[in-house]
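> predicted model, plus sequence, below.
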Amino acid sequence: SSNTTNNTDNVANSKNTNEGSAKEGTPKPKITLQFGNIYNEDHPSGKAALKFIELVKEKTNGEVAIEHFPSEQLGSESEMLESVKMGALDMSISGTGIAGKFQKQYQIFPLVYITKDMEQLNHIMNSPLGEEMANKFLEENGARVLASNWIREPRVLFGTKPVKTLEDLKGFRIRVPEQPVWIKSWERLGASPTPIALGELYTSIDSGIIDGAETGISYYSSNGFQNIAPYVMLTDHVFETNLVVMNENVFQKLSPENQKAVIGAAKEAGEYHIELVEKSVDEQLEKLKNEGVTVIDVDRDKWIQKVDGLGLELEDLWGKGLYEKFKSYQ
Amino acid sequence: MILTVGLALAIFIIIGVPISFSMGLAGLLYLWLLPDIPTMVIVQRFVKGADSFPLMAIPMFVLAGSLLNVGGVTRKLIKLASSLVGHIRGGLAQMNVISSMFFAGISGSSNADVAGPGRVLIDGMIEEGYEKEFSAAITASSSVMGPIIPPSTLFIIFGSISMVPVGDLFLGGAIPGILMGILMMAISYYLARKRNYPWHSSFSWKTMWVNVYQSWPTLFTPVIILGGILGGIFTPTEAGVVASAYAFILSAFVYKELKLKDIWIVVSDTVQATAMIMFLVATGLGLSWVLSREQVPKLLVDSITSLSGNTTIILLLVAFVLLVLGMFFSVTSNLIMMVPLLMPLVNILHIDPVHFGVITVLALAIGEVTPPVGAPMFLACKFAKVSIGDFARANMPFYIVLILTLLLVVLFPPLSLWLPSIS
Amino acid sequence: MKVMLPRMKSWIDLCTEIVSGIGLIVMFLLLLIQVILRYFDNPLFWVEEVALLLQIWVVFLGVSIVLRKGGHPSLILLQRALSSTSFKLPLEFVIYGLMGILGGAMFYYGIQLAEETWSVKSPALGISRGVFILPVSLGGALIVIEVFYQFFKFLNKD
Ligand code: NA
Ligand code: NA
C-alpha cells in the first residue's frame, strides 16, 4: 500500500498524465468504458474513482480507457445502477443502501451496529460472505461487483441539541431514510424518526420541524449544517460500503487479463479509498471543532445493547440466516 | 452526433411539434443513433421528471392558484387593485401590474397569474380600447413577478437542487420582485400618457377600504405561507398543500363562491397544467442527459470561467447564458439542467448562494416571456389572439424593465441579500 | 365504425380524466394529512413514496389529455404561415406522426424498462419499480390512440 500513496500526485493531475502519455505514444485504447458516480472529484470517493481510472489504464497497458462522469451527471446512484443493469452505462459506484433495492441482502447494512468499525466491515466484504452477496447480486442483476471495499465514513448523528446519552435521544425528531430498517433501528434507540425528503432537510432543521439527522460527516460539513445544527455525536451506528459495479456483458467483452486487471484496480483503489476516508474524517472533525461545533462521543456499548436482537425481528427484509452470519464475524 | 441531434431538435420545434415532444424525440434519436445503449434508458429519464418530491410543489401551488381563480378570490384582488389605481391614466394597465403583485404573493407561478387575473384583465383592456398586443405584453411581463415574489415554485426547485434554504431564497426574491413591479408601473404610466390610454374609475376612500376589508383574508395568505415555513410547521413543498387548503376554505366557506362542479374543473385544470409542465421537465431531463453525456454543459462552465476571474463579470455572463437558455427551455428544465453544473462556480468564487439563486431564477423567468418558447407568453398570446412576433414588439418596454431589474440585482447584492440577513 | 370509434374514444378520455383527477385529489389529501400528523409527532412513513407514485401516474396520464386539448406549448409560426395552403394537412400529419412516434417509443420502451426493473423494490413499501415506470407506457399508448384518432378525423373530414 506504500505504492498507493506514491501515486497520489498522479491522481490529482490525471488530466496532465493523460496528455503526457498520449505524446509518448501509448497504444490507442481497445475499449472505452463509461463510468458514472455521484461524487465530486475532490470527495474521497471521487478521488478514488480517478485513482481507479488511472490504475486500469496502467494495468491494462492502456487497452482499457475509462471516461468519467462525476457529480450525478448521468443520474442518481439508483438510476445509474439501473442503467448499469440494463446496459445503458458500463460502470457505476453504488452504496449498499441503494444496492439493497436490487439485492435484498444488502439491506442489512442500515441495521444499526451490525458492524462495529471500518476494519471489520472491510474484513467481511473480503470474506466468503461478502463474495456470496456479490455473486447473488450478479446473478439477479447481470452486473458484477468489481470491488466492495470502498468503505464509507461512519455515520454520525447531528442536531440542534446535544445527545450525550440514550436518555437525551428520547423524542429526538430525527430524519432517516424512508426504509423500515432505518426507522425501526432509531425507534428502538428511542428517537422519533420523521420522514422528510432529503432535499428539504436543511430547511426542516433550520425551521425546527426536526431536531437533526444522521449522515456521514462530509455530507454534514459540505452542506453547511454546522451553521444550524452545531452538535455532532460520534455514534458510528452504521458502516456502509460503496460497490463498484460493472455490466456483466461488457465485462465479458474484456480479455481475461484485462478482467483481472480491472478487478485488481478496483480493489486497489478501494484500499486507497479507506486511507482517504480515515484521513478526511479526522481532518473534518478538527476543522468543525475549530468552527465551534461541539463533538460528542457516546457510550456505544449502551447503544449496542439497546438494539440487541432487533436484527432477528427484521430478518425477513434481508433473508434468514444472514444476521447470524454477520454476528459470527464479531 | 450532438449536432445531428441539435439540428433535429430545431427542425421539430420549427415545424410545430410541441417543445416537450421535440425534446423527447431528440433524446430518442440520440439513443437510436447509439446502438450500444439500450433505448429504454430514456424512459428512466422521463420517470425522473415526475419522480421528485420537491417538484410536488408544482401541482400543489397550481392547485392553489386554480382554486383562487374559480373561487372568486381573483375578482376580489382585481377590484382591490381597481380601487387603488383605477383612477390613473392607463388604470387597467396599472391594475394589471398591481394585481400580479398581489397574486404573486399567493401563488408560486407565472402561469396561474396569466390564466387567472391576467385573462380577465386582457379582456377588459381590449374592451376599453388598449391594443391587444400591449394587453398581452403587460399581462405576461407582470406575471414574471409570480415566481420572484414569494412564495415561488422556482425557488423551491432551486433550493431543492442546491440545498440553499428556501426561506432565505423567498425573502431574497421579495425586493427584486417588488422593484420590478414598480418599474413596470412607471413605464406603463409613461406609455399611457404618450398613447392616451383611458382611465377606469374615480378614486374613493370608501370603495378602497371596502375592498381592502373584503380582500384581507386573501392578502393574509403570504403570511401563512412564509410564517409556516420559517416557523417550522411545514416544508416549502407542503406549503403548496397548505396554501391549497387555505384557498379552498376561503373560496368555499368565506367567499362561498366555490361550487361542487367547480372543484372538478379545478382538479382537471391542475392535472393538465401539471402534466404540461412536468412533461417538459421529463423530456428536458432526457435531453439534458444527452447533453451531459456529450459533456456540453461542462464545456459551458469551463468556458465561462476561462473568460474572466471577476465575480461580477462572471455573474453577468451567467445571467446572459441563462437568459438565452431561458428563451428555449422552461425554467424548470433549465434549473434541473443548469443548477447542479453552475453551483461549483458559487463555491469557487465565494458568491452568496442566495444572491446566485435570485439571479438564476430571475434570468430564467424572463425567458418565459421571450420568444420562441414560454408558457405565460403563449397563454397571454392565446387569450389576446396575437402572434408571438407582435407580442415581442409590443413587449419591448417591459423587456427593458426586466433586464434592468436583473442588472440591478446582479450589481447590487443587498437588493437580494438584505432581507434574508435581517430575518 | 364512424359512430363506434368516437364513442369508444370519449369513454377512454373520460376514464383518463377521472383516474388522473382522483390521483391528484388523493395526493393532496395524503400530503395534508401528513402535515397534520407530523405536527402531532405521528407521521406516516409511506406518504412520500405513495404521493410520488401518484404524481407519476397523474403526469403521464395527463399528457394525453393536454395533447387532446392542444395545451402543449409549441411554435405555431410555420403552421400559421401554411394555414391557407395545401401544405397545411401534410404538415399536421407530420407533426402528429412525430408525436405518435414518441408515444409509441414511450409505450414500447416503458414496458421494456418496467420488465427490466420489476425485481427492484421501492424503499418504504417494497413496491416494484416497474409500477413507477408503467405509467409512461400507458401514457405513451394514450398518445398513440390520440394520434390515430386525429388521423381518423382528418381522413373523415374530406
Ligand atoms: Na409568488
Ligand atoms: Na398581470
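Looks like it arrived, so ask away. Ligands and ions are numbered 1, 2, ... in the order given.
> give me the three-state assignment for the residue of the stretch 151-300 of chain A at minimum distance from ligand 1.
Residue of the stretch 151-300 of chain A nearest ligand 1, by Cβ to the ion: A:Thr203 (17.1 Å). Where you see a C-beta, it was placed from the backbone N, CA and C, and this is true even at glycine. Counting by DSSP: H, G, I helix; E, B strand; the rest coil, the backbone at A:Thr203 sits in helix.
> so what's it up against?
B:Gly159, B:Pro165, B:Val166, B:Gly167, B:Ile229, B:Thr235, B:Pro236 (Cβ atoms under 8 Å, 6 or more residues apart in numbering or on different chains).
> so how far is B:Asp123 from the residue lying closest to B:Arg193 once chain neighbours are set aside?
Nearest residue to B:Arg193, sequence neighbours excluded (Cβ to Cβ, 6 or more residues apart in numbering or on different chains): B:Arg89, at 6.2 Å. Separation of B:Arg89 from B:Asp123 (Cβ to Cβ, to the nearest Å) stands at 20 Å.
> what is the nearest of the contacts of A:Thr203 to B:Ile336?
B:Gly159 (13.0 Å; Cβ to Cβ).
> so what's the residue count around the closest one?
Using other Cβ atoms under 10 Å in any protein chain shown, B:Gly159 has 27 neighbouring residues.
> who are the contact partners of the residue nearest to it when sequence neighbours are not counted?
Excluding the flanking residues, the one nearest B:Gly159 by Cβ to Cβ, 6+ apart is B:Val166, at 3.8 Å. Residues near B:Val166 by Cβ under 8 Å, 6+ apart: A:Glu200, A:Thr203, B:Phe155, B:Ile156, B:Gly159, B:Ser160, B:Ile229, B:Pro236.
> re earlier: among the contacts of A:Thr203, which are in helices?
B:Gly159, B:Val166, B:Gly167, B:Ile229, B:Pro236 (DSSP state H).
> looking at chain C, which helix or strand is least sure?
helix C:77-81 (a mean of 79; mean pLDDT, DSSP states H and E).
> buried stuff in that one?
Across helix C:77-81, burial judged by 16 or more other Cβ atoms under 10 Å in any protein chain shown covers C:Leu77, C:Gln79.
> count the neighbours of residue 152 for me.
Just so you know, I chose chain A. By other Cβ under 10 Å, neighbour count at A:Arg152 equals 23.
> wrong chain, I was asking about chain C
By other Cβ under 10 Å, neighbour count at C:Phe152 equals 15.
> same check, this time on C:Val47
20.
> nearest residue to it other than its sequence neighbours?
C:Gln34 (4.5 Å).
> in this structure B:Ile359 contacts B:Phe320, no?
No: look at B:Ile359 against B:Phe320 with Cβ atoms under 8 Å: they stay out of range, at 10.9 Å.
> got the residues of the stretch 1-150 of chain A near chain C?
Applying Cβ under 8 Å from any Cβ of the partner chain, we find that the stretch 1-150 of chain A lies next to chain C at A:Glu82, A:Lys85, A:Met86, A:Lys101, A:Phe102, A:Lys104, A:Glu140.
> which one's more surrounded, B:Arg89 and B:Asp123?
Just comparing B:Arg89 and B:Asp123: by other Cβ under 10 Å the higher neighbour count belongs to B:Arg89, 17 against 13.
> hmm, the helix or strand harbouring A:Ala99 touching chain B?
Assessed by DSSP states H and E, A:Ala99 sits inside helix A:96-102. No: Helix A:96-102 does not reach chain B (Cβ under 8 Å from any Cβ); its nearest approach is 13.8 Å.
> now for that helix, which elements pack on it?
Here helix A:96-102 touches helix A:77-86, helix A:128-141, strand A:241-247, going by 3 or more Cβ pairs under 8 Å, 6 or more residues apart in numbering or on different chains; DSSP states H and E.
> can you list those in TSV and add mean pLDDT and distance to ligand 1?
Formatted as TSV, the helices and strands packed on helix A:96-102 follow (pLDDT from 0 to 100; distance: least, Cβ to the ion, whole Å):
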stretch	mean pLDDT	distance to ligand 1
helix A:77-86	94	31
helix A:128-141	96	45
strand A:241-247	97	41
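> now do the SS call for A:Asn149.
Under three-state DSSP, A:Asn149 comes out as strand.
> report the separation between the residue nearest to B:Leu411 when sequence neighbours are not counted and ligand 1.
Closest residue in space to B:Leu411, ignoring its immediate chain neighbours: B:Thr312 at 6.9 Å, by Cβ to Cβ, 6+ apart. For B:Thr312, the distance to ligand 1 equals 27 Å [Cβ to the ion, to the nearest Å].
> doesn't B:Thr312 lie inside a strand?
No: counting by three-state DSSP, B:Thr312 is not found in a strand; it is helix.
> what about it, neighbour count?
As a measure of burial, B:Thr312 has 13 neighbours, counting by other Cβ under 10 Å.
> ditto for the one 10 residues further on
By other Cβ under 10 Å, 25 other residues sit near B:Leu322.
> surely C:Gly140 is in contact with C:Ile101?
No: in this structure, C:Gly140 is not within contact of C:Ile101 by Cβ under 8 Å, at 10.2 Å.
> settle it for me: which of these two has more neighbours?
C:Gly140 (26 against 18).
> any idea which element the closest residue to chain A within the stretch 301-423 of chain B lies in?
Going by Cβ to the nearest Cβ, chain A is nearest to B:Pro340 of the stretch 301-423 of chain B, at 6.4 Å. Element membership for B:Pro340 (DSSP H and E) is helix B:331-349.
> is that helix in proximity to chain C?
No: Helix B:331-349 lies apart from chain C when judged by Cβ under 8 Å from any Cβ; the minimum separation is 12.0 Å.
> and the helices in the stretch 1-150 of chain A, which stretches?
Remark: helices assigned in the stretch 1-150 of chain A by DSSP state H, counting those that start in this stretch are A:2-6, A:8-12, A:14-24, A:44-59, A:77-86, A:96-102, A:118-125, A:128-141.
> re earlier: turn the contacts of A:Thr203 into a markdown table, including distance to ligand 1.
Listed next are those as a markdown table, based on distance: Cβ to the ion, whole Å:
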| residue | distance to ligand 1 |
| --- | --- |
| B:Gly159 | 14 |
| B:Pro165 | 17 |
| B:Val166 | 12 |
| B:Gly167 | 14 |
| B:Ile229 | 13 |
| B:Thr235 | 17 |
| B:Pro236 | 12 |
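> in a markdown table, list the residues you listed along with pLDDT and distance to A:Glu283.
Listed next are those as a markdown table, based on pLDDT from 0 to 100; distance: Cβ to Cβ, whole Å:
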| residue | pLDDT | distance to A:Glu283 |
| --- | --- | --- |
| B:Gly159 | 82 | 29 |
| B:Pro165 | 79 | 26 |
| B:Val166 | 79 | 31 |
| B:Gly167 | 79 | 31 |
| B:Ile229 | 75 | 35 |
| B:Thr235 | 80 | 33 |
| B:Pro236 | 71 | 33 |
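> tell me the pLDDT at whatever residue of the stretch 1-150 of chain B ends up closest to chain C?
Nearest residue of the stretch 1-150 of chain B to chain C: B:Pro18, at 3.5 Å (Cβ to the nearest Cβ). pLDDT for B:Pro18: 90.
> that one touches C:Ser74, doesn't it?
Yes: under the criterion of Cβ under 8 Å, B:Pro18 makes contact with C:Ser74 at 4.2 Å.
> those two: which is more packed in?
Per other Cβ under 10 Å, whichever of B:Pro18 and C:Ser74 has more neighbours is B:Pro18, with 26 against 22.
> what's the spacing between the more buried one and B:Val85?
Taken as Cβ to Cβ, the span from B:Pro18 to B:Val85 is 38 Å.
> same question, A:Gly190
From A:Gly190 to B:Val85 the distance is 59 Å (Cβ to Cβ).
> of those two, which one has the most company?
Neighbour count, other Cβ under 10 Å: between A:Gly190 and B:Val85, B:Val85 has more, with 25 against 15.
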